[in-house]
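# predicted model follows, preceded by the sequence.
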Amino acid sequence: MLWVGTSWKMNGTIDFAREYAWRLMAADASQWEGIQAFIIPPATALDAVRGVLGDNGPILLGAQNAHWEDSGAWTGEVSVPQVADAGAQMVEVGHSERRQHFGDSDEVVNLKVRAIIGHGLRPVLCIGEPAEVFEAGRSIEYITAQADSALQGVDPSSVILAYEPIWAIGEHGREPRRSDLVRAFAALGERYSSDVTAVVYGGSVNAGNAADLLTIPGVEGLFVGRAAWRVPGYLEILRIASRSLRA
Ligand code: PEP
């Protein structure tokens, strides 16, 4: 099985999210046979999206962040039990934007991973190196250090490990060539594949490159941003992923 999901960052209203979920649920799921789909809307839309997807539906629901404490004097934060209460089954953690703008250090990421797993949710653990580390040929040591630190003291079996090179993600990202990723995925596969649920790739994934990315040994799914922020874009990538299983 491949895991193919999308996180919307700080985009979308509740109405948008509900409509997105309705359209996904209305689509013929046989198009993405063999794929575990998941969507990660903003926290404000979790409950509404859960109302459409259901608690045991074919599409999993995730939150983009959660604090490591269950409750308390942490103004502005939401906890793992709170996002679970709103319907989240997964929680994204360690995204480079959180690390860069919100001080999510390796230590914080580990605390969050522990809390997510401790509450029975599934972490979508993002790791990724900046351009200068990639250019210096040090990607593997950088990302394995991030992953090892994040996974310290936990049973990693429920983790979706998302390799998202910082130079490849978002509007300013450079679309990777297959050759940019092969060595990293060989290393990640060897080190983590048998311990975690899946090792997936994220960063400028689109309908044009998804099939090629899925041929990289060790890639067990895709984590998609912009190209899946509209339902047709996400459905197209789900179909491509499903076809790749039969190729
Ligand atoms: C991301 O920011 O994590 C991401 C994968 O985005 P995009 O697909 O838009 O590069």
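Happy to help now that I have it. All values reported here derive from a predicted model rather than from experimental measurement. Numbers count the residues shown, from 1 in each chain.
# CA only for contacts and neighbour counts going forward, please
Noted.
# can you give me every residue that contacts Gly54?
If you count contacts by Cα atoms under 8 Å, 6 or more residues apart in numbering, Gly54 has none.
# give me phi/psi at it?
phi 80, psi 160 (degrees, to the nearest 10).
# and Lys112, by the same measure?
phi -70, psi -40.
# so it touches Trp68, yeah?
Yes: using Cα atoms under 8 Å, Lys112 is in contact with Trp68, at 4.6 Å.
# more crowded one of the two?
Lys112 (27 against 21; other Cα atoms under 10 Å).
# what does the chain have sitting close to the ligand?
Residues of the chain lying close to the ligand (Cα under 6 Å from any ligand atom) are Ile169, Gly170, Gly202, Gly203, Ser204, Val205, Phe223, Val224, Gly225, Arg226.
# and the third one, what's its pLDDT?
At Gly202, the pLDDT value in this model is 98.
# which residues in the protein form strands?
2-7, 35-40, 59-63, 90-93, 122-127, 160-163, 198-202, 221-224 (DSSP state E).
# okay if I get those as JSON lines plus mean neighbour count and distance to Ser79?
Below are the strands of the chain laid out as JSON lines (neighbours: other Cα atoms under 10 Å; distance: least, Cα to Cα, whole Å):
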{"stretch": "strand 2-7", "mean neighbour count": "23", "distance to Ser79": "18"}
{"stretch": "strand 35-40", "mean neighbour count": "23", "distance to Ser79": "16"}
{"stretch": "strand 59-63", "mean neighbour count": "25", "distance to Ser79": "10"}
{"stretch": "strand 90-93", "mean neighbour count": "26", "distance to Ser79": "10"}
{"stretch": "strand 122-127", "mean neighbour count": "25", "distance to Ser79": "14"}
{"stretch": "strand 160-163", "mean neighbour count": "26", "distance to Ser79": "20"}
{"stretch": "strand 198-202", "mean neighbour count": "26", "distance to Ser79": "25"}
{"stretch": "strand 221-224", "mean neighbour count": "27", "distance to Ser79": "23"}
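# and the closest residue to Arg23 other than its chain neighbours, what does it touch?
Once flanking residues are discounted, Arg23 sits nearest to Val231: 7.0 Å by Cα to Cα, 6 or more residues apart in numbering. For Val231, the contact set (Cα under 8 Å, 6+ apart) comprises Tyr20, Arg23, Leu24.
# most surrounded residue in the residues you listed?
Tyr20 (21 neighbours).
# surely that one and Pro232 touch.
No: using Cα under 8 Å, Tyr20 is not in contact with Pro232; the gap is 9.8 Å.
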